[in-house]
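> Just to be clear, the model below is a prediction. Sequence and coordinates:
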Amino acid sequence: MRRSQNKRTTRLLAALAIALVAVLALVPTSAVAMTTNKATARPNEDGGSGVIGGMDTRLTWEGTVEDGEELTAITLSLPDGATFDHSTTRVTVLEGLKRVEIGNSTTPSGSSITVKFDEAIPADSLVRLEITDMQFPSEGGDYAVSGTYETADGTRQLADSPTIAIIANTPLQAAVNWLDEQPAVQAWNSVPFLGMFLKPQLLLTSFSSLFPGWLVCLAIVIAAYPFAILLGMVFALLKISKYKVVRAIAIIYINILRGTPLFLQIYIMFFGLPMIGINIDNNVLGVIVMAINSSAYLAEIFRAGIESIPVGQYEAASSLGMTHMQTMTNIIIPQTVRRVLPTVTSDFITAYKDTSLLSSVGVMELMMFSKNLTTVSGNITPYMAAAIFYLIVTLPLIKIVGIVESNIARSERGGGPRPKRKGASEATAESDLTNSATAVHAETADKKLEDALAGVFAPFRPQTQTPEV
Amino acid sequence: MKNMNRRTFLEGLGLAAGTFSLAACGGNSSDSGTDSGAKDDSAAPADDGSYTLVEDGKLTVVAELGFAPFEYMDEKTGEPEGFDVDFAKALGEAMGLETTYLPNQKFDTLVPTIKQGGKADVAIAAITINDERAESIDFTDPYLDSNQSIVCRAGSGETEESLNDASKTVCCQSGTTGDEWISENLSNATKVPLDDVTAALTGIQTGSYDAMVVDLPVSQYLIKQSFSDLEVVEEIPTGEQYGVCVSKDNPNLTAALNEAIAKIKSDGTMDKIETEWFGTTL
């Protein structure tokens, strides 16, 4: 009997306790006097957009004081592992868009921070706290900012903010942090020039974050160049046409494009076309501008190349009974291609570098990425990383141009390899001059292509072999 | 022993900074008291050590001159104009210096330029005071309050929520507080930082971008002046404050500028400039 009564009392007490807890928990939330508007964190991933835990970032918290209330203090807290120590806080109080100066004092302590206001903040005010150099827990996760606030009638619980996604440290960031600690790296960075232009940590992050921009650069120029070559060929042929009008069209096209800066052409296309209602994707438009611009230079290169072929070649072809078309496709153009290859490669290099100008109109290419990174870091290193990215492509090309040029020079002097002795059918064709044109025709398309390619790539072949006699 | 030396040196520095800031405070309070006294003060700032200038007798200002109504180039003369320009001239006058402007420079290069030193004394270009910038340069006292805004095509029906989407492109001027605001608040949208505001707004007109985040006074002014088919879809109350950037190596110049700011605020010059550019005092 006694026992059961005891049990009942304990049960009653427990129920009471639960009720009390529930009431206590409900009271702060029932009368909302301070609404949490938002909480955001500044991305602190070098060259990225993530917020990494365990590294300095800036937390921005915003709340509104509701009707009939006055705010005297506010405490923000984050789960354990976050730290507000060593942080600095900027407090902004706004009535509408108007700033109100209210004195305040901030006390960071571990994972919470308290701001006390010298005078109560009136209702309808917006309170913003910008806490610089605080850190989120290093293991990452989604964190909501909670806390309490004080009004005239006591302390209450703040509504949780929307969560902020924090990422755990990335391998790249870990590598950067490791570099940070190396005495050699610190010594290197302490030299103003080295630290400003070639900071190892930033070089590392630059490489990873500039990579997509580099791909865009390459994609644009590689997509643009075939069109540029085609267009250039067309305008080269137009320019050496017999008809004055056709020549005039080509001359106008080439001269206007060569006579104005690419930068201007980009602006005209990117701002002009949309104004007349033509909307093209930025990257595609980038390809178009680059193709058109290069085509003018290529047209001139091709024209000069065609005109550099000695008249004797035309005469020889016609003496073999070739038509004008045959002469062009079999004799002149292959030789031209060989001659212009170095110049075209140089133009390709120029075009590749000129994609950087597209950054000014918002194409997300290499220059754009490095510019953003430089802005964020206040350091020149991302530009140096971009330079390396450009050089990765241009240096080998420049080397190739050099080799090709020297080979061409040698073959023009009469040195270099001789064509291999061909099979019997060709021997017949060679011996029977009058039939040679038809013989060329009789050759399979494959064979023709092979020969043409062999001719074109002759300058690239190793020149050490002894010519067959 | 070595440690001792360093510590005493640091103490010495702290002491110097302390006395200096006290002196600066004193200067300020005397300013607001009597105008005539302040004039003498600013003419001879050598009270607490003189400041250095890039060019003697001149206050050399660097700015991004595409941020109307704060600073922009006059269409006919090509001279800098705007609220900040008048403010800079007033500062120069109060300090007995001639104000000259360097050629237009991109916004994101202004703070590094001042940090390096040697080219310009100050950057006055609607630069918001924040702790991150304050790590590399010194700010004077704030001279103007401002806010941010989201600009879209008129009738686009965009909101902050609808813009925070992977299909949206939001542009800004590179290195501005608007730039940061997009990274933090519109993290899903594609951010395009551009060099100049006109290019950004033209881009919105033509549909290349969906929105721009830029200082509210600028968007209001430019929409009224030349971008009538755009509208401010949201005013972002940031309450940020503009300050003048000065090199950390030149603390006496910062002090002298603070004095000058206090002076032109108290003698009504600031009100006059505000009324001229915003139609009202702020």
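Happy to help now that I have it.

> Give me the pLDDT for the residue of the stretch 151-300 of chain A found nearest chain B.
Of all residues in the stretch 151-300 of chain A, A:Pro274 sits closest to chain B, at 3.1 Å by CB to the nearest CB. For glycine as for every other residue, the C-beta is placed from the backbone atoms N, C-alpha and C. A:Pro274 is assigned 82 on the pLDDT scale.

> B:Leu282 too?
B:Leu282 is given a pLDDT of 70.

> ok, now B:Ile223?
93.

> How about B:Gly243?
In this prediction, B:Gly243 carries a pLDDT score of 95.

> got the contact list for residue 81?
In the absence of a named chain, chain A is used. When contacts are counted by CB atoms under 8 Å, 6 or more residues apart in numbering or on different chains, A:Gly81 touches A:53, A:111, A:136-139.

> meant chain B, my bad for not saying
Contacts of B:Glu81 (CB under 8 Å, 6+ apart): B:71-74.

> Show me what the longest helix along chain A is packed up against.
Across chain A, the helix with the greatest residue count (assigned by DSSP state H) is helix A:200-239. Secondary structure elements in contact with helix A:200-239, counted by 3 or more CB pairs under 8 Å, 6 or more residues apart in numbering or on different chains; DSSP states H and E, are helix A:171-181, helix A:183-190, helix A:244-259, helix A:282-308, helix A:333-354, helix A:366-377, helix A:381-413.

> mean confidence for the first one?
Averaged across helix A:171-181, pLDDT comes to 84.

> you'd agree A:Ala296 is up against A:Gly232?
Yes - between A:Ala296 and A:Gly232 there is a contact under CB atoms under 8 Å: 7.5 Å.

> which one of these two has more residues nearby?
A:Gly232 (26 against 23; other CB atoms under 10 Å in any protein chain shown).

> Without its sequence neighbours, what residue ends up closest to that one?
A:Leu298 (2.8 Å; CB to CB, 6 or more residues apart in numbering or on different chains).

> Could you pull up the residues touching the one you found?
A:228-229, A:231-233, A:236, A:344, A:347.

> Turn those into JSON lines, columns for pLDDT.
Below are the contacts of A:Leu298 laid out as JSON lines (pLDDT from 0 to 100):
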{"residue": "A:Ala228", "pLDDT": "96"}
{"residue": "A:Ile229", "pLDDT": "95"}
{"residue": "A:Leu231", "pLDDT": "95"}
{"residue": "A:Gly232", "pLDDT": "95"}
{"residue": "A:Met233", "pLDDT": "92"}
{"residue": "A:Ala236", "pLDDT": "93"}
{"residue": "A:Val344", "pLDDT": "93"}
{"residue": "A:Asp347", "pLDDT": "93"}
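
> In ChimeraX, how would I select just the buried ones from the residues you listed?
The buried residues among those can be selected in ChimeraX (16 or more other CB atoms under 10 Å in any protein chain shown) with this line:
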select /A:228,229,231,232,233,236,344,347
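
> how about CSV for the contacts of A:Leu298, with distance to A:Lys116 added?
Below are these laid out as CSV (distance: CB to CB, whole Å):
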residue, distance to A:Lys116
A:Ala228, 67
A:Ile229, 71
A:Leu231, 70
A:Gly232, 72
A:Met233, 76
A:Ala236, 78
A:Val344, 71
A:Asp347, 67
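
> which one of the contacts of A:Leu298 is nearest B:Leu216?
Using CB to CB, A:Ala228 comes nearest to B:Leu216 of the contacts of A:Leu298, at 44.9 Å.

> which non-adjacent residue is nearest the closest one?
Nearest to A:Ala228 is A:Ser294, by CB to CB, 6+ apart, at 3.7 Å.

> roughly how far apart are A:Glu69 and chain B?
Noted for A:Glu69: a distance of 19 Å to chain B, by CB to the nearest CB, to the nearest Å.

> contacting residues for that residue?
Contact partners of A:Glu69, counting by CB under 8 Å, 6+ apart, are A:33-34, A:123, A:151-152.

> how near is A:Glu66 to chain B?
Between A:Glu66 and chain B the distance is 16 Å, computed by CB to the nearest CB.

> Count the residues that sit near that residue.
If you count neighbours by other CB under 10 Å, A:Glu66 ends up with 15.

> Show me the helices in the stretch 51-200 of chain B, by range?
B:83-95, B:110-116, B:131-134, B:160-163, B:177-185, B:197-206 (DSSP state H, counting those that start in this stretch).

> Now do the last one: distance to the chain's middle.
Spelled out, that is helix B:197-206. Helix B:197-206 sits 22 Å away from the centroid of its parent chain (CA atoms, centre = their mean, to the nearest Å).

> Skipping adjacent residues, who's closest to the closest residue to chain A within the stretch 151-282 of chain B in space?
Distances between the stretch 151-282 of chain B and chain A by CB to the nearest CB are smallest at B:Thr206, namely 3.1 Å. Computed as CB to CB, 6+ apart, the closest residue to B:Thr206 that is not its neighbour in sequence is A:Pro274, at 3.1 Å.

> Name the helix or strand of chain B that has the lowest mean pLDDT.
Within chain B, no helix or strand scores below helix B:35-43, which has a mean of 39 by mean pLDDT, DSSP states H and E.

> follow-up on the earlier one: got the contacts of A:Glu69 as JSON lines, with secondary structure and pLDDT columns?
Supplementary listing: the contacts of A:Glu69 in JSON lines, determined by DSSP: H, G, I helix; E, B strand; the rest coil; pLDDT from 0 to 100:
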{"residue": "A:Ala33", "secondary structure": "coil", "pLDDT": "77"}
{"residue": "A:Met34", "secondary structure": "strand", "pLDDT": "83"}
{"residue": "A:Ala123", "secondary structure": "coil", "pLDDT": "85"}
{"residue": "A:Thr151", "secondary structure": "strand", "pLDDT": "84"}
{"residue": "A:Ala152", "secondary structure": "coil", "pLDDT": "79"}
